[in-house]
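build the 3D model from these lines:
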Amino acid sequence: MMPLHDKFTTSARSSTPARCSETRARTEPPTHQQAKACKVKAVRQETVSELQVGNDLNHRFLASLAARYGPVFRHRLGVRNLVVVSDPSLAAETRRLAFFNDNYVQKRRQLLLTNDGNEANDNKNLLRCAMDHVLESERKGEITPENVIHIVENINVAAIETTLWSIEWALAELVNHPTVQQKINTLLPQDDEPLTESNVHALRYLNAAVKETLRLHSPIPLLVPHMNLEPARSPRAPRWWSTLWLGNDPALWDRPERFLLGGQEEKVDATTTGGGGKVDFRFVPFGVGRRSCPGIALVVGKLVRRFEMAPPPGVEKVDVSDKGGQFSLHIANHSVIAFRPVSDSA
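All right, here's what the predicted structure looks like:
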C-alpha cells in the first residue's frame, strides 16, 4: 500500500499540470497573469503535499524551495503565514527576536502578574514603561502575544537604535574635528549651571554640530510619510516622502561633504523649533519641531563638558565609514576613543 504522504504527493504533482494544460487550451496563448497563477497553484499543492500535517516541517523540502525562491520566502498555510529563512544573518536576527522575547518580555510579563505591577510603577526605565502599556493591551485581549514582541522590538529599535548611532556619529566627528569640540566646550554653561533640556536649545553651536552629524550621517533615508486628508493643491490623500538627500545637495550647501567648521553655525543653525521663527527647510527631514531630539545634544554636550575626546595614540582620525543596520546606518569599524577629563587636560 502506498503511504499516505506519497499518495498526496503524487496526486498533487500529477493533477497540477493537467489544470495548467486545460487553462492553456482555453486561452491560447496564456496570459502572464494566468501563467503566474498556475505556477503559484502548483507550488501550493506541492508544499501542502510535502509538509505532513502533525509532523515537524520537512527541512530538506523547505531547503529545496529556498534554492528555487531565495533565502527568504513566505507561504500561506491555512490562515497562517509561514516565513522560511535560510540565510545565516537573517536567522541570527530571528534568534535575536526570540532572545529578546524570552529574556525581557516574558520576565516583565511575569513581574506584572506576580507583583501586581508594584515594582513596575517604581521603575523609571522608559522602555519598560512602554512595555507595560503593550502588555496591558495584551491582557485586555486587544493584541496577541505575537503582536507584543514585535511592538516592543519596534520600540526598542526605532526609538533607541537611531539615537544611539547618531550619538556615536557625533562623537566620532568631534574626535576628528578637535577645534569644533573645543569651541563647543567654551560655549557651554559654567559648571554650576546644569545642562538641561530647557537650556540646551540656546546652545547654537552645540546644536549646529548635532545637526551637521544628522546631515552627514542620516539615521534613516526617508522621512516618515504624511497623508493629506483635506482638499489642497495636491490630490486628496496622497503620501509624501521627503528624501534626506536634501542634506547633501550641493545646490543647497557649500561643500556639503565637510563637517561644521569655523563660523558656519549661523548657516547650519537657521532652524527654530517654535512658531514665528525662521525655518531652514533644508533641515525638514531631520531637525524641525517634533522631529528634533534634544537627548542627542544633551548627551554630546555633557560629554564634551567633562571630557576631551581624542583618537588613540598613533591614530590621526577614527574611521567613519558606515554600514547598514536594521533601521539606520551605523559605524562599520568601531574605534577606541581616548577620554581625558577636562580638568586633567587643562
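
now for the nearest residue to residue 108 once chain neighbours are set aside: which residues touch it?
Closest residue to residue 108 apart from its sequence neighbours, by C-beta to C-beta, 6 or more residues apart in numbering: residue 131 at 5.5 Å. Every C-beta, even on glycine, is put in place using the N, C-alpha and C of the backbone. Contacts for residue 131 (C-beta atoms under 8 Å, 6 or more residues apart in numbering) come out as 104, 105, 108, 152, 155.

quick one: which of the residues you listed has the most company?
residue 152 (22 neighbours; other C-beta atoms under 10 Å).

need the per-residue pLDDT for that residue.
On the pLDDT scale, residue 152 is placed at 79.

who's in contact with it?
Contacts of residue 152 by C-beta under 8 Å, 6+ apart are 100, 104, 105, 130, 131, 134.

buried residues in whichever strand or helix holds residue 134, which are they?
Element membership for residue 134 (DSSP states H and E) is helix 126-139. Residues 131, 132, 134, 135, 138 are the ones in helix 126-139 that count as buried (16 or more other C-beta atoms under 10 Å).

can you tell me which of the contacts of residue 152 is nearest residue 313?
residue 100 (38.1 Å; C-beta to C-beta).

looking at the closest one now. What's its pLDDT?
62.

same check on the one 3 residues further on?
As summarised for this prediction, residue 103 has a pLDDT of 71.

that one in helix, strand or coil?
Under DSSP: H, G, I helix; E, B strand; the rest coil, residue 103 falls in the helix class.

can you tell me how far it sits from residue 152?
12 Å (C-beta to C-beta, to the nearest Å).

just residue 331 next, same as before
Distance from residue 331 to residue 152, by C-beta to C-beta: 26 Å.

show me the domain layout of the chain.
Domain assignment for the chain by automatic domain parsing gives 4-86, 89-143, 161-345.

mean pLDDT lowest where, among the ones you listed?
domain 4-86 (a mean of 52).

list phi and psi for residue 193.
Main-chain torsions, residue 193, degrees, to the nearest 10: phi -110, psi 120.

can you give me the strands for the stretch 51-200 of the chain?
Along the stretch 51-200 of the chain, counting by DSSP state E, counting those that start in this stretch, strands occupy 72-77, 80-85.

so who does residue 307 touch?
Residues near residue 307 by C-beta under 8 Å, 6+ apart: 339, 340, 341, 342.

the second one: what secondary structure?
Under the three-state scheme (three-state DSSP), residue 340 adopts strand.

now the helices for the stretch 201-346 of the chain?
Assigned by DSSP state H, counting those that start in this stretch, the stretch 201-346 of the chain shows helices spanning 204-216, 265-268, 294-306, 342-345.

among those, which is the most enclosed?
helix 204-216 (a mean of 23; mean count of other C-beta atoms under 10 Å).

now residue 339: how far from residue 300?
13 Å.

same question but for residue 71, I mixed them up
Applying C-beta to C-beta to residue 71 and residue 300 gives a distance of 39 Å.

now do residue 67
For residue 67, the distance to residue 300 - C-beta to C-beta - is 48 Å.

same check, this time on residue 250
From residue 250 to residue 300 the distance is 27 Å (C-beta to C-beta).

quick check: closest non-adjacent residue to residue 147.
residue 138 (7.5 Å).

tell me the contacts of the one you found?
Applying C-beta under 8 Å, 6+ apart, the residues contacting residue 138 are 144, 145, 147, 148.

isn't the last one right up against residue 135?
Yes. Using C-beta atoms under 8 Å, residue 148 makes contact with residue 135 at a distance of 6.5 Å.

give me the common contacts of the two.
residue 105.

stretch 111-131: end-to-end distance?
Its first and final residues considered, stretch 111-131 spans 12 Å by C-alpha to C-alpha, to the nearest Å.

begin at 27 from here
Sure, I'll start counting at 27 from here, so that last one is stretch 137-157.

neighbours of residue 228, how many?
For residue 228, using other C-beta under 10 Å, the count is 9.

can you give me the buried ones in stretch 220-230?
Within stretch 220-230, the residues scored as buried using 16+ other C-beta under 10 Å are 221, 226, 229.

which one of the residues you listed is nearest residue 187?
Using C-beta to C-beta, the buried residues of stretch 220-230 come closest to residue 187 at residue 226, 22.1 Å.

show me what contacts the closest one?
232, 233, 320, 323, 324, 327.

residue contacts, the closest residue to residue 135 other than its chain neighbours?
Leaving aside its chain neighbours, residue 135 sits nearest to residue 161 (5.6 Å; criterion: C-beta to C-beta, 6+ apart). Residues in contact with residue 161 (C-beta under 8 Å, 6+ apart) are 131, 134, 135, 138, 174.
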